[in-house]
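Participant: how does the following fold in three dimensions:
(chains A and B)
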Amino acid sequence: MSEMKKIKNLKEFSTSADRFEGANLLCPGCAHSIIVREVLNATNDDLVLSASTGCLEVCTAVYPYTSWDASWIHIGFENGSTAVAGAEAMYKALKTKGRLKQPDRNPKFVSFAGDGASYDIGFQWISGCMERGHNMMHIVLDNEVYANTGGQRSSSTPIGASATTSPAGRISYGEKRNKKDMVSIMASHHIPYSAQVSPNKWKDMVKKIQHGFAVDGPVFINAASPCTTEWKFDPKDTMTIADLATDSLVFPLYEIIDGRELNITYRPKNIVPVEDYLAAQGRFKHLFKDQYKYLIKEWQERIDDNWAYLQRREEAKV
Amino acid sequence: MAFDKMELKDIEVWDGNFAAAQALRQCQIDVVAAYPITPSTPIVEGYAKFLSDNYIEGEFVMVESEHAAMSGCIGAAAAGGRVATATSSQGFALMVETLYQASGMRLPIVLNVVNRALASPLNVNGDHSDMYLGRDSGWIQIDAYCPQDAYDLNFIAFKVSEDHDIRLPAMVHQDGFMTSHTAQGVHTLSDDVAYNFVGNYKPMNDMLDFEHPVTHGVQTEEDWHFEHKARQHNDLMTKVLPKIQEAFDDFEKLSGRKYNIVEEYDTKDADVCVVCLGSSVETAREVALEMRAKGIKAGVVGIRVIRPFPFEQVRDALKDIKSIAALDRSSPNGAAGMLFNEIAGALFNTDTKALLSGYVYGLGGRDLTKAHLVDLFKELQANVDAGKVTTPLQQFIGVRGPKLSYL
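Facilitator: Predicted coordinates:
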């Protein structure tokens, strides 16, 4: 196994060798690029990366330019995970056959995809990759919306958010369904490691990514990716929104080992009311009208309930 | 662990599927990502069994759909190694998105397509609907008429597809059941001779070369997309057929078996000629010989390479024929058949006096009988005698009920 990269502090982390260039077309304040840099900077090993069609892909590989100083592939919307699985299979084959050009390397295989490409259209492909035991990591850049196509709801869009295909209006509060629990679904494949991360908690992120790289087998990571454009907040506030997400426990940070043991990895010292998280984003603005205020109460109850559930699981080691 | 070689008899009794599986074994495919579908399944089952018995080294990835199968093949090919898979019909249709992606990304992959009808209605038997569906996908399409061809043409496909001047994926087609499940004597190559013909895989832009990171599958809009597509079309139009001919020539030296981009049978002095694909070529040849015994100068043309379409070879083969029948085994669904159109395109703007009529036959595995072909050749002769096409331009052969004809 390759040696784990040691990172002392944020300054060292932010200036370490960068295989994802700042020259890209993502929106100012987009969390995708922050997450990708954090993931790539967590290792010194060689990388084989993919991106499914989406914001990350269309903004980082526009011919004749590329933002990637690592092997990278995009095929389509639904199949980025399987592209990496195919490359991983080729790696194994060439290793067996003694035909690797650099046989002493320990490449890591990572697919990035948005929530649309993961929760919805690519769901089957990811499930297949997890089930088959490829030595790869799938990372969802979860901005809870089809951002690249202009803000349509996905099955990750939370209840009450206004999206272009579930718009808030005179008689509607927007999205009617709760967010799909993708981490649980993927953990139920009994993969060695699945976790939820957020870019504001970079140490937690690095620890989980490094753990994921160290285990043998498929790894699933769901990364909160606050979207300045579709969540409607000021681009300078990305990290503030991420802080609100983790500290309100709307986006709790935890890991599941072998699909059977849940550990909470971050417990906010001061839990922030969910209302504060909702109030900071334009997509929830309408919830603050009198007729929909009951939904904010329901939000808080749901988040409390989920936090209690996660704690019960942790305590019972299940 | 080194793999074992297999001792083959000079002639083995194989069906088309097993012949293709043996060819894949001898080419020592690095990765097969596959999903089962009738009638192509035995090809990838064969690869899996060879792997289990240590007759091959590689990775077999049994994925969850044909779309994922081709997606995995694309990832594996971009990583840098020899890749193949097989499919039919609905599986092929599900793959279509990725077929365009594979060819646009200039990745050599060999896909064995065991031709089968497309639903609806659901049908497991052979026709050419899936083969026709692939014809604008940017792949090379080579057609096998029998198990021997299915074996030999796989070697050709790898050799051409992986050539650094080409770098385009290739399909090897054979007819579902009629070829895939019909056992015939197949002349074999030894493992070493076969492998040496295709040679070691030579990587290009391989993702596993970490000293040279590469970006695959970029975005291009109106500024570059057209140039990429034009270059791909240019290479298909100008480079592929000469490379296939070169591979055919080399293969003939090796095996004594001669293949041609357009297969011509008794066309030199023919008045009438049937043009068709797949296993029907052999039936048509047999009937053409019988027609000659009856005084009709009959010939047959089989298109061996469907894409890129060999316009010049087709024109040269057919320009002196008096009456030609184009046989399409796929419902054109509101147009003339593909072969009818391509042949018309090849002969137009020449000084040919050839008459051309189209026939749709064999959908969903309906037999094309010798009796059908006898009638057809007689119709062509009647055209010759009359100096004009005496039938409608599009007729259906072998469909029950009142005779169907159009145009």
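Participant: quick one: the closest residue to chain A within the stretch 51-200 of chain B from residue B:266, how far?
Facilitator: Per Cβ to the nearest Cβ, the residue of the stretch 51-200 of chain B with the smallest distance to chain A is residue B:75, at 2.7 Å. (Each C-beta comes from the backbone N, C-alpha and C, glycine too.) The gap separating residue B:75 from residue B:266 is 47 Å, by Cβ to Cβ, to the nearest Å.
Participant: these two: who's more crowded?
Facilitator: Between residue B:75 and residue B:266, counting by other Cβ atoms under 10 Å in any protein chain shown, residue B:75 is the more crowded of the two (34 against 17).
Participant: so which strand or helix has the more buried one?
Facilitator: helix B:66-79 (DSSP states H and E).
Participant: any idea of the mean pLDDT in that helix?
Facilitator: Mean pLDDT, helix B:66-79: 98.
Participant: direction included, what does the helix or strand following that helix pair against?
Facilitator: Where DSSP H and E defines the elements, the next helix or strand beyond helix B:66-79 is strand B:83-87. Strand pairing for strand B:83-87, determined by DSSP bridges: strand B:31-34 (parallel), strand B:110-115 (parallel).
Participant: before we move on, back to that, skipping adjacent residues, who's closest to the residue of the stretch 51-200 of chain B closest to chain A in space?
Facilitator: residue A:86 (2.7 Å; Cβ to Cβ, 6 or more residues apart in numbering or on different chains).
Participant: which helices and strands sit right next to the helix or strand encompassing that neighbour?
Facilitator: Under the criterion of DSSP H and E, residue A:86 resides in helix A:80-97. Where contact means 3 or more Cβ pairs under 8 Å, 6 or more residues apart in numbering or on different chains; DSSP states H and E, helix A:80-97 is packed against strand A:47-51, strand A:71-73, strand A:108-114, helix A:123-132, strand B:31-34, strand B:59-62, helix B:66-79.
Participant: swap the cut-off to 6 Å and go again
Facilitator: Here helix A:80-97 touches strand A:47-51, strand A:108-114, helix A:123-132, strand B:31-34, strand B:59-62, helix B:66-79, going by 3 or more Cβ pairs under 6 Å, 6 or more residues apart in numbering or on different chains; DSSP states H and E.
Participant: with just CA atoms, put the first one into PDB.
Facilitator: Provided in PDB are the C-alpha atoms of strand A:47-51 (Å, rounded to 0.1, in the frame of the first residue of the first chain):
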ATOM      1  CA  LEU A  47      -5.100   9.200 -10.300                       C
ATOM      2  CA  VAL A  48      -7.500   7.800 -12.900                       C
ATOM      3  CA  LEU A  49     -10.500  10.200 -12.800                       C
ATOM      4  CA  SER A  50     -13.800  10.500 -14.500                       C
ATOM      5  CA  ALA A  51     -16.600  13.100 -14.500                       C
END
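Participant: that strand pairs with which strands?
Facilitator: Paired strands of strand A:47-51, defined by DSSP bridges, are strand A:71-73 (parallel), strand A:108-114 (parallel).
Participant: contacts for it, please.
Facilitator: Strand A:47-51 is contacted by residues A:57, A:70-74, A:80, A:83-84, A:87, A:107-112, B:207 when judged by Cβ atoms under 6 Å, 6 or more residues apart in numbering or on different chains.
Participant: from the chain's centre, how far out does the very next helix or strand once past that strand sit?
Facilitator: Next helix or strand after strand A:47-51 toward the C-terminus (DSSP H and E): helix A:55-58. Put simply, helix A:55-58 sits 14 Å off its chain's centre (Cα atoms, centre = their mean, to the nearest Å).
Participant: burial count for whatever residue of the stretch 51-200 of chain A ends up closest to chain B?
Facilitator: Of all residues in the stretch 51-200 of chain A, residue A:86 sits closest to chain B, at 2.7 Å by Cβ to the nearest Cβ. Counted with other Cβ under 10 Å, the neighbours of residue A:86 add up to 35.
Participant: report whether the expected contact of it with residue B:78 is present.
Facilitator: No: using Cβ atoms under 6 Å, residue A:86 is not in contact with residue B:78, being 7.8 Å away.
Participant: now do the contacts for the most centrally placed residue in chain A.
Facilitator: Nearest to the centroid of the C-alpha atoms of chain A, with distances taken as Cα atoms, centre = their mean, sits residue A:223, at 2.3 Å. Contact partners of residue A:223, counting by Cβ under 6 Å, 6+ apart, are A:35, A:139, A:141, A:197.
Participant: mind redoing it with 10 Å?
Facilitator: Listed by Cβ atoms under 10 Å, 6 or more residues apart in numbering or on different chains, the contact partners of residue A:223 are A:31-32, A:34-36, A:38-39, A:112, A:115, A:139-143, A:195-199, A:205, A:208-209, A:251.
Participant: same question, residue A:296
Facilitator: A:160, A:273, A:274, A:275, A:278, A:279, A:284, A:287, A:288.
Participant: okay if I get these as JSON lines plus secondary structure, distance to chain B and pLDDT?
Facilitator: Shown next, in JSON lines, are those (DSSP: H, G, I helix; E, B strand; the rest coil; distance: Cβ to the nearest Cβ, whole Å; pLDDT from 0 to 100):
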{"residue": "A:160", "secondary structure": "coil", "distance to chain B": "34", "pLDDT": "98"}
{"residue": "A:273", "secondary structure": "coil", "distance to chain B": "42", "pLDDT": "98"}
{"residue": "A:274", "secondary structure": "helix", "distance to chain B": "37", "pLDDT": "98"}
{"residue": "A:275", "secondary structure": "helix", "distance to chain B": "40", "pLDDT": "98"}
{"residue": "A:278", "secondary structure": "helix", "distance to chain B": "35", "pLDDT": "98"}
{"residue": "A:279", "secondary structure": "helix", "distance to chain B": "37", "pLDDT": "98"}
{"residue": "A:284", "secondary structure": "helix", "distance to chain B": "32", "pLDDT": "98"}
{"residue": "A:287", "secondary structure": "helix", "distance to chain B": "36", "pLDDT": "98"}
{"residue": "A:288", "secondary structure": "helix", "distance to chain B": "39", "pLDDT": "98"}
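Participant: quick check, nearest of these to residue A:170?
Facilitator: Within these, proximity to residue A:170 (Cβ to Cβ) peaks at residue A:287, which comes in at 14.5 Å.
Participant: hmm, that closest one is touching residue A:277, no?
Facilitator: No: using Cβ atoms under 10 Å, residue A:287 is not in contact with residue A:277, being 11.2 Å away.
Participant: right, I'll leave it there.
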